[in-house]
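> Need coordinates for the below:
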Amino acid sequence: MFAHKPFNGDGYSLYANTGTSVQYRNKRLLCGAQLGSSTYGATSVEKTARRDTVEPGDTWTIPSSFESQTVSFDLRRYKDDVENETYNYRTVTMAIDGSGDGTTAINGTATLISKEVQAGGIVVIRIRYFKTDNGVQPNLFSLVRTAGPTAPGNIEVIQPIVQPATLITFTTGALNESSAYTFKVTASNDATTKDVLTGISVTAATSGPAAATTATAQEW
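Okay, the predicted model is just below:
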């Protein structure tokens, strides 16, 4: 049985600790007794420290022990001796100097959605970018030729990232007939750049894709 009456009044509790999760209560995990033995094993998991009471717009000084660490933060609303136990923590990587700015790395990932060969040697490449809560968000994506004929130049798409998963489309210029190309996609924000996809291979066709064959509907 737990009895938890944390704080009088109405406000927000700030929790923070190094690591990739937030632990709400202390835990002690007991192993079952081995046959013929009375020995029990136990593992203790300490709760995340409550750092402060905060209000919207407040600031909190990050301790020097968090320098260069992966840190998880959580805010929990409390009122009338009851605190919200819902987990809503965020994990960030702190800067080396211990500032609250976090790292300047781009930590998002991307996946290839489709490669569409069109008439005139044009190829449309679609990717989906998945942002992270830590690091910086890119605002410019470039389709960069890494192998193949000397054309075209890089294709840039200005794309602010506002959703957890964002669809980004690149449309090339006229590529050489029957020529193989390899592209990569880079994400950037000012001086920060990251290759988020590599090895995208396409073969251009000035006549476009072959005509669709007759399709037959089937009942399932």
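> Which parts of this structure are strands?
For the chain, the strands defined by DSSP state E cover 10-18, 27-30, 42-45, 50-54, 70-79, 82-83, 90-93, 109-117, 123-130, 140-147, 155-158, 165-171, 180-189, 192-203.
> quick one: buried residues of the first one?
In other words, strand 10-18. For strand 10-18, burial by neighbour count (16 or more other C-beta atoms under 10 Å) applies to 12, 13, 14, 15, 16, 17. All C-beta atoms are positioned from the backbone trio N, CA, C, and that covers glycine.
> and the chain, what are its domains?
Domain assignment for the chain, taken from automatic domain parsing, gives 10-32+43-93, 109-203.
> Export these to JSON lines and append columns for mean pLDDT.
What follows is the domains of the chain, written out as JSON lines (pLDDT from 0 to 100):
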{"stretch": "domain 10-32+43-93", "mean pLDDT": "76"}
{"stretch": "domain 109-203", "mean pLDDT": "88"}
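> ranking those by burial, who's on top?
Ranked by mean neighbour count under mean count of other C-beta atoms under 10 Å, the domains of the chain are led by domain 109-203, which reaches a mean of 16.
> Identify the residue nearest the residue nearest the centre of the chain in space, chain neighbours excluded?
For the chain, the residue sitting closest to the mean C-alpha position, by C-alpha atoms, centre = their mean, is residue 132 at 2.6 Å. Nearest non-adjacent residue to residue 132, counting by C-beta to C-beta, 6 or more residues apart in numbering: residue 107, 4.3 Å away.
> neighbours around that neighbour, how many?
Residues near residue 107, counting by other C-beta atoms under 10 Å, number 17.
> isn't it right next to residue 134, touching?
Yes. Between residue 107 and residue 134 there is a contact at 5.9 Å, judged by C-beta atoms under 8 Å.
> can you pull the contacts of residue 147?
By C-beta atoms under 8 Å, 6 or more residues apart in numbering, the contact set of residue 147 is 180, 181, 182.
> what about it, distance to residue 199?
The gap separating residue 147 from residue 199 is 9 Å, by C-beta to C-beta, to the nearest Å.
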